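**Student:** Structure of the sequence below:
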Amino acid sequence: EKIDVIGLECRTVADVPAAARVTLGKSSAVNSQVLAPVLSALKEVWDSPEVALPALLHVAEGLQQIMVGLGLSMKLAAIDFQNNIQKVMDSRAVDPAPATLRALLAAELSLGLHGPGGHLRDPSGAMGSLWLRRTMEFMVEFFDGLLRGCSLVQAGRAAYTTTLECYHGRILRASFRASLRAMPGEAIVAKAMGLSVESLGVVLAELCQELRPVLAKMKELAVELDLEDSRR
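**Tutor:** Alright, predicted model coming up:
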């Protein structure tokens with residue numbers, strides 16, 4: 001089944017015409033109290049070559065609100081996501097507070113908090129930002145699955161398999177997969193994002209389009225600084 005995006009049938013995010021995305025920016029997203037600040041903050045993050053940290057945290061807080069709105073299906077992800085937001089916030093609790101992700105990570109490296117080969121101390125800002133990124137990658141793949149016509153459960157399972165599963169141990173994998181079976185209906189997803197069901201497809205396309213380059217920039221920074229921890 002294809003997703004109807006304001007009268008358009010689309011299989012992938014790339015299929016959504018630019019004109020539809022522009023229309024979104026002037027209507028649905030602006031009218032959503034959840035998504036309007038997220039998209040605004042995403043543009044600020046993208047405009048910063050070293051990842052503006054306050055804006056990134058605003059994005060994360062908005063996405064965490066969406067996860068909470070999805071109920072039991074995202075309960076584990078939402079709790080972990082909030083914990084990682086707090087790790088980054090705690091690491092900024094210095095004077096002066098780092099304004100960018102690069103500055104925060106460089107400061108932790110200068111203190112000798114992390115080992116070579118991406119062995120990160122936990123808790124730390126580096127560990128928090130790593131898992132914020134991974135969970136946002138999961139959310140992007142989940143939304144993209146919906147745009148490709150997958151059911152909510154199918155999209156959740158596929159997104160988990162391609163993003164988070166390889167970093168989870170056996171017990172956590174089982175728990176996460178079980179929670180995804182409780183995925184709510186499309187109306188609940190739309191409500192969690194402050195939208196109508198009719199506008200959901202275009203909004204998801206917009207959100208994925210804006211998030212992907214930010215997540216790529218975060219990963220590039222982690223790899224550059226040898227802070228990409230691949231351990232479970």
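
**Student:** Which parts of the protein are helices?
**Tutor:** For the chain, the helices defined by DSSP state H cover 18-26, 28-31, 35-47, 53-69, 75-91, 101-110, 125-147, 152-162, 170-180, 186-192, 200-224.

**Student:** Can you say which of the ones you listed is packed in most?
**Tutor:** Among those, helix 125-147 has the highest mean neighbour count (mean count of other C-beta atoms under 10 Å), at a mean of 23. Yep, even glycine has a C-beta here, placed from its N, CA and C like the rest.

**Student:** could you say what helices and strands that one packs with?
**Tutor:** The elements that helix 125-147 packs onto, with contact taken as 3 or more C-beta pairs under 8 Å, 6 or more residues apart in numbering; DSSP states H and E, are strand 3-5, helix 53-69, helix 75-91, helix 101-110, helix 152-162, helix 200-224.

**Student:** could those go into TSV alongside distance to L146?
**Tutor:** Shown next, in TSV, are the helices and strands packed on helix 125-147 (distance: least, C-beta to C-beta, whole Å):
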stretch	distance to L146
strand 3-5	6
helix 53-69	13
helix 75-91	16
helix 101-110	28
helix 152-162	5
helix 200-224	6
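
**Student:** Now render the ones you listed as JSON lines, adding mean pLDDT and distance to A41.
**Tutor:** As requested, those are arranged in JSON lines below (pLDDT from 0 to 100; distance: least, C-beta to C-beta, whole Å):
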{"stretch": "strand 3-5", "mean pLDDT": "39", "distance to A41": "24"}
{"stretch": "helix 53-69", "mean pLDDT": "95", "distance to A41": "4"}
{"stretch": "helix 75-91", "mean pLDDT": "96", "distance to A41": "13"}
{"stretch": "helix 101-110", "mean pLDDT": "97", "distance to A41": "13"}
{"stretch": "helix 152-162", "mean pLDDT": "95", "distance to A41": "22"}
{"stretch": "helix 200-224", "mean pLDDT": "92", "distance to A41": "10"}
